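Trainee: turn this into a structure:
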Amino acid sequence: MSLVPDDPVDILQRWELAGGVWRIIGRRAHELTIGLFQCDGGERVDVIRSGDAALLAFVGDRESNAD
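Mentor: Reported below is the predicted structural model:
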């Protein structure tokens with residue numbers, strides 16, 4: 001299951017607003033793999049893999065939405 005067909009920045013912003021946690025689980029030069037976790041940071045619910053330039057800029061050097 002993947003949420004990538006939607007705008008990945010929008011997905012992360014909506015996930016945060018809903019209280020969810022996202023964390024970088026893989027980082028390459030031009031692609032991120034981001035895990036979407038339950039609000040307590042426990043179980044991973046989904047994964048986003050994208051090289052979208054807006055996503056790379058939005059995430060920057062952060063490792064999670066807690067940074």
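Trainee: list the contacts of the longest helix along the chain.
Mentor: Longest helix in the chain, counting residues (DSSP state H): helix 8-17. Outside helix 8-17, the residues within contact range by Cβ atoms under 8 Å, 6 or more residues apart in numbering are 3, 22, 34, 36, 48, 50, 52, 54-55, 58-59, 65. Heads up, the C-betas are built off the backbone N, CA and C, glycines and all.
Trainee: go on, stretch 43-56?
Mentor: 1-4, 7-9, 11-12, 20, 25-26, 30-38.
Trainee: picking that back up, JSON lines for the contacts of helix 8-17, including pLDDT and neighbour count?
Mentor: Converted to JSON lines, the contacts of helix 8-17 look like this (pLDDT from 0 to 100; neighbours: other Cβ atoms under 10 Å):
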{"residue": "Leu3", "pLDDT": "47", "neighbour count": "20"}
{"residue": "Trp22", "pLDDT": "97", "neighbour count": "24"}
{"residue": "Ile34", "pLDDT": "98", "neighbour count": "25"}
{"residue": "Leu36", "pLDDT": "97", "neighbour count": "17"}
{"residue": "Ile48", "pLDDT": "95", "neighbour count": "21"}
{"residue": "Ser50", "pLDDT": "94", "neighbour count": "21"}
{"residue": "Asp52", "pLDDT": "94", "neighbour count": "16"}
{"residue": "Ala54", "pLDDT": "96", "neighbour count": "12"}
{"residue": "Leu55", "pLDDT": "96", "neighbour count": "20"}
{"residue": "Phe58", "pLDDT": "96", "neighbour count": "15"}
{"residue": "Val59", "pLDDT": "97", "neighbour count": "21"}
{"residue": "Asn65", "pLDDT": "91", "neighbour count": "16"}
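Trainee: mind putting these into JSON lines with secondary structure?
Mentor: Converted to JSON lines, those look like this (DSSP: H, G, I helix; E, B strand; the rest coil):
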{"residue": "Leu3", "secondary structure": "coil"}
{"residue": "Trp22", "secondary structure": "strand"}
{"residue": "Ile34", "secondary structure": "strand"}
{"residue": "Leu36", "secondary structure": "strand"}
{"residue": "Ile48", "secondary structure": "strand"}
{"residue": "Ser50", "secondary structure": "strand"}
{"residue": "Asp52", "secondary structure": "coil"}
{"residue": "Ala54", "secondary structure": "helix"}
{"residue": "Leu55", "secondary structure": "helix"}
{"residue": "Phe58", "secondary structure": "helix"}
{"residue": "Val59", "secondary structure": "helix"}
{"residue": "Asn65", "secondary structure": "coil"}
